[in-house]
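Asks: no letters, just coordinates:
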């Protein structure tokens, strides 16, 4: 998928956000290796703990449709920020479990500038399923 198409799709997700309380829209796009994709937007609730971030919305939609980490090529994010908007801690933990370490993440700013990182770059010291089996 071309970079302009990624931008347009993730911007659509951004515009779909329900950010009534924070007024802080975030959009996400999961691109699969087969070319399919899923959008995600942050959806807030007056009971803040019941809100959901864009990254998790897109990844949960991907998994809900039967795809798994091996199927995911890239996660694309967009948000209003002077720098690049990185996922929150909760989303980073979910991303680490639901995506492969070498999967690409593209971070867009609203002005179309972008930066590419990898899942493994988000958290160098991770808590994973291996830790649950520690002796």
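Replies: Perfect, I can see it now. None of the values given here were measured: they were computed from a predicted structure.
Asks: longest helix of the chain?
Replies: Ranked by residue count, the top helix of the chain under DSSP state H comes out as helix 3-15.
Asks: could you pull out the helices for the chain?
Replies: Under DSSP H, the chain gives helices at 3-15, 54-64, 89-98, 119-122, 129-132.
Asks: list of residues touching the longest one?
Replies: Under the contact criterion Cβ atoms under 8 Å, 6 or more residues apart in numbering, helix 3-15 has outside partners 25-29, 31, 37, 39-41, 54, 58, 76-79, 106, 108, 110, 112, 114. Heads up, the C-betas are built off the backbone N, CA and C, glycines and all.
Asks: try 10 Å
Replies: Residues outside helix 3-15 that contact it (Cβ atoms under 10 Å, 6 or more residues apart in numbering) are 1-2, 25-29, 31, 37-42, 54, 57-58, 74-80, 106-108, 110, 112, 114.
Asks: one more: the third one?
Replies: Outside helix 89-98, the residues that touch it by Cβ under 10 Å, 6+ apart are 26, 28, 30, 52-57, 59-60, 62-63, 67-69, 72, 75, 77, 86-88, 103, 105, 119-120, 122-123, 126-129.
Asks: that older thread, which of the helices of the chain sits most buried?
Replies: helix 54-64 (a mean of 21; mean count of other Cβ atoms under 10 Å).
Asks: what's it packed up against?
Replies: helix 3-15, strand 26-32, strand 37-41, strand 72-79, helix 89-98 (3 or more Cβ pairs under 10 Å, 6 or more residues apart in numbering; DSSP states H and E).
Asks: returning to what we had before: out of the helices of the chain, which gets the lowest mean score?
Replies: With a mean of 77, helix 129-132 has the lowest mean pLDDT of the helices of the chain.
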